[in-house]
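Participant: coords please:
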Amino acid sequence: MKKLILGVTGGVGAGKSTVLSILKEEYQAYVIEADAVGRRLEERGQPGYDVVLREFGGGILAPDGEIDRGKLSALVFADADALKRLNGLLHPMIYEEIQAEIRRECEKNLSETEKDGQTKFFVLEAAILFETGFDRCCDFTVYVYADEGTRIARLRESRGYSEEKAAGVIANQLGDEEFRARADYVIENGGDLEETKRQICSLVKSLSEGVLFYGNTDMA
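Facilitator: Presented below is the predicted three-dimensional model:
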């Protein structure tokens, strides 16, 4: 079975979740969110739990023995060296688990269909896709863009951030120019859902030249 992996990235509040939902529901993409993979690996009994606990100690644990992500975040975001150590421990593990999940899904579909020549469409979402190097496993990358004012408004509504906090979080991420320089495709996601869908449709049509997507053979 062939596979095609589309990397999706963009700053906080850009609306990546909307794009993922459309790709999953309308184009049958298998979506993997890097942050969700990281959270699973940090659960007790998983390999990330032990290495993080050894590095940062029991002070990061919640009363139930699980890693308290709030405590861990507060610790590492106040200390650049601690954040670098955490990323150095987890990012290789996350990457390997992403690869393993893709392999498992391909093998499952191959055993179920036993048909040659089919392509499985994967979407890997990571806010720091380029910074982690996760884009190296992607065939194409997509940058989801929204202007800063829209992003701040979304963060205030969805997360209860103050305008100052939202602006500070945005300032610590890659800038628009660098995202555009590194991505293969840009989706402008300023708020018009139908326009976002139109752009995604155009993207999928472009990718489908020579690629057969499950459920979308009419787009080839």
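
Participant: From Ser17, how far out is the residue nearest the centre of the chain?
Facilitator: Centroid check for the chain by CA atoms, centre = their mean gives Glu125 as the closest residue, at 1.9 Å. Separation of Glu125 from Ser17 (CB to CB, to the nearest Å): 8 Å. Using the backbone N, CA and C atoms, a C-beta is placed for each residue, glycine as well.

Participant: Leu203 too?
Facilitator: On the measure of CB to CB, Leu203 and Ser17 end up 17 Å apart.

Participant: And Gly191, by the same measure?
Facilitator: 14 Å.

Participant: got the contact list for Ile170?
Facilitator: Ile170 sits next to 11-13, 148, 151-152 when contact means CB atoms under 8 Å, 6 or more residues apart in numbering.

Participant: now those as a markdown table including secondary structure and neighbour count?
Facilitator: A markdown table is the format used below for the contacts of Ile170 (DSSP: H, G, I helix; E, B strand; the rest coil; neighbours: other CB atoms under 10 Å):
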| residue | secondary structure | neighbour count |
| --- | --- | --- |
| Gly11 | coil | 23 |
| Val12 | coil | 17 |
| Gly13 | coil | 23 |
| Glu148 | helix | 15 |
| Arg151 | helix | 24 |
| Ile152 | helix | 22 |
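
Participant: Would you mind putting those into CSV with distance to Cys106 and pLDDT alongside?
Facilitator: Formatted as CSV, the contacts of Ile170 follow (distance: CB to CB, whole Å; pLDDT from 0 to 100):
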residue, distance to Cys106, pLDDT
Gly11, 31, 93
Val12, 31, 93
Gly13, 33, 93
Glu148, 39, 93
Arg151, 35, 93
Ile152, 40, 94
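
Participant: is the residue nearest to the centre of the chain in a bridge, and if so with what?
Facilitator: Val8, Glu33 (DSSP bridges).

Participant: Please enumerate the helices of the protein.
Facilitator: Assigned by DSSP state H, the helices in the chain fall at 16-27, 34-41, 47-56, 69-77, 80-113, 129-132, 148-159, 163-171, 176-182, 193-207.
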